[in-house]
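Q: got a predicted structure here, sequence first:
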Amino acid sequence: MSDGSSESIGVKFERLVQIMAQLRSPGGCPWDAEQTFDSIKPYTLEETYEVLDAIDQRDYVSLCEELGDLMLQAVFHAQMAEEEKRFSIADSLDAINEKLVRRHPHVFAGGDAKTPEQVLKRWNEIKADEKKARVDGPKGLLDGVPRSQPALAEAVQISKKAAGVGFEWPNLDDVVAKLHEELDELRQAEDQAGREGEVGDVLFTVVNIARWLKVDPEQALRTTNRKFRSRFQYVESEVAKRGRTLAESAKLHGVDEMEALWQEAKTRGPSNSGA
């Protein structure tokens, strides 16, 4: 989807950088000027999730716009860094360009990786070598996993890193057995702190099951959320057609009416699998 402009991508990107610099400059936008790395973090996360939602919906018009919003976040952070004389957006572009070339030797340097698995293995090896070369880099294996990211994403990265050095179950059946063990411990938890800890253990084990099955747990949960939304909206709509609210339905029929409608919803549309 092009606007027919003869401007190059580089010119357009440079314009975005210049606009951001002007917004942050004296006489620019007061809101933009007062932002910090910490205050912008929530917007960076929000824009990331909006990109993911557009992908899930296969809404490519929105995806085009949301990717622009996400690029703005990168430029915003880089502009603040440049003002503090830390680095510029040009440095960030150099870093990613060099990294992509360095970590794809099978494309740019005559490497012999042929399969996606071989590529990923070589990527991780090169990444580990890069970390060793950094004097001030992370010292422990898990130190490079950001603690501020959503817990599900953090769990995925932690489990992958641990498994990558051999801290791993022998097979999937053992991971499933571990899940049953954690569920038993959850049933036996006697106080809120214990229940919270055991729920966390259950979730972490489920993340490992997803890893074994090569399923992205974030995407799997988003799919289930979307499926639940669709079915619940059907239940809500059908109850409304009967002249009742959901609360009134529950008071009159307990969960029976809503459960029957839920089962109807499962037979309708493309999302008719699962619970």
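A: That came in fine, so what should we check first?

Q: any stretches of this structure with poor pLDDT?
A: 1-6, 135-138, 269-275 (pLDDT under 70).

Q: which stretches in it count as helices?
A: Taking DSSP state H as the test, the helices found in the chain are 9-24, 30-33, 37-56, 60-83, 89-102, 105-108, 116-133, 151-164, 172-188, 192-212, 217-241, 246-253, 256-266.

Q: got those helices as JSON lines, with mean neighbour count and distance to Val145 columns?
A: C-beta here means a position set from N, CA and C on the backbone, and glycine is covered the same way. Output for the helices of the chain, formatted as JSON lines (neighbours: other Cβ atoms under 10 Å; distance: least, Cβ to Cβ, whole Å):
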{"stretch": "helix 9-24", "mean neighbour count": "13", "distance to Val145": "29"}
{"stretch": "helix 30-33", "mean neighbour count": "11", "distance to Val145": "31"}
{"stretch": "helix 37-56", "mean neighbour count": "14", "distance to Val145": "16"}
{"stretch": "helix 60-83", "mean neighbour count": "16", "distance to Val145": "20"}
{"stretch": "helix 89-102", "mean neighbour count": "13", "distance to Val145": "18"}
{"stretch": "helix 105-108", "mean neighbour count": "13", "distance to Val145": "25"}
{"stretch": "helix 116-133", "mean neighbour count": "13", "distance to Val145": "12"}
{"stretch": "helix 151-164", "mean neighbour count": "16", "distance to Val145": "5"}
{"stretch": "helix 172-188", "mean neighbour count": "13", "distance to Val145": "20"}
{"stretch": "helix 192-212", "mean neighbour count": "16", "distance to Val145": "13"}
{"stretch": "helix 217-241", "mean neighbour count": "15", "distance to Val145": "15"}
{"stretch": "helix 246-253", "mean neighbour count": "13", "distance to Val145": "41"}
{"stretch": "helix 256-266", "mean neighbour count": "16", "distance to Val145": "38"}
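
Q: identify whichever of the ones you listed lies nearest to Asp143.
A: helix 116-133 (9.2 Å; Cβ to Cβ).

Q: distance between the closest one and the chain's centre?
A: Offset of helix 116-133 from its chain centre (Cα atoms, centre = their mean, to the nearest Å): 21 Å.

Q: and for stretch 248-260?
A: Distance, centroid of stretch 248-260 to centroid of chain: 36 Å (Cα atoms, centre = their mean).

Q: can you redo the helices of the chain as a markdown table, where the extra columns are distance to Asp143?
A: Listed next are the helices of the chain as a markdown table, based on distance: least, Cβ to Cβ, whole Å:
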| stretch | distance to Asp143 |
| --- | --- |
| helix 9-24 | 31 |
| helix 30-33 | 33 |
| helix 37-56 | 20 |
| helix 60-83 | 22 |
| helix 89-102 | 19 |
| helix 105-108 | 26 |
| helix 116-133 | 9 |
| helix 151-164 | 10 |
| helix 172-188 | 25 |
| helix 192-212 | 19 |
| helix 217-241 | 23 |
| helix 246-253 | 47 |
| helix 256-266 | 45 |
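
Q: of those helices, which is nearest Gly144?
A: Per Cβ to Cβ, nearest to Gly144 of these: helix 116-133, 6.6 Å.

Q: could I get that closest one in CSV with only the CA atoms?
A: This file holds the C-alpha atoms of helix 116-133, laid out as CSV (Å, rounded to 0.1, in the frame of the first residue of the first chain):
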residue,chain,number,x,y,z
PRO,A,116,15.4,-23.5,10.9
GLU,A,117,16.7,-25.6,13.9
GLN,A,118,20.3,-25.3,12.8
VAL,A,119,19.9,-21.5,12.2
LEU,A,120,18.4,-21.1,15.7
LYS,A,121,21.2,-23.1,17.3
ARG,A,122,23.9,-21.1,15.5
TRP,A,123,22.1,-17.8,16.4
ASN,A,124,22.2,-18.8,20.1
GLU,A,125,25.8,-19.8,19.9
ILE,A,126,26.8,-16.5,18.4
LYS,A,127,24.7,-14.6,20.9
ALA,A,128,26.4,-16.4,23.8
ASP,A,129,29.9,-15.6,22.3
GLU,A,130,28.8,-11.9,22.1
LYS,A,131,27.9,-11.9,25.7
LYS,A,132,31.2,-13.4,26.8
ALA,A,133,33.0,-10.6,24.9
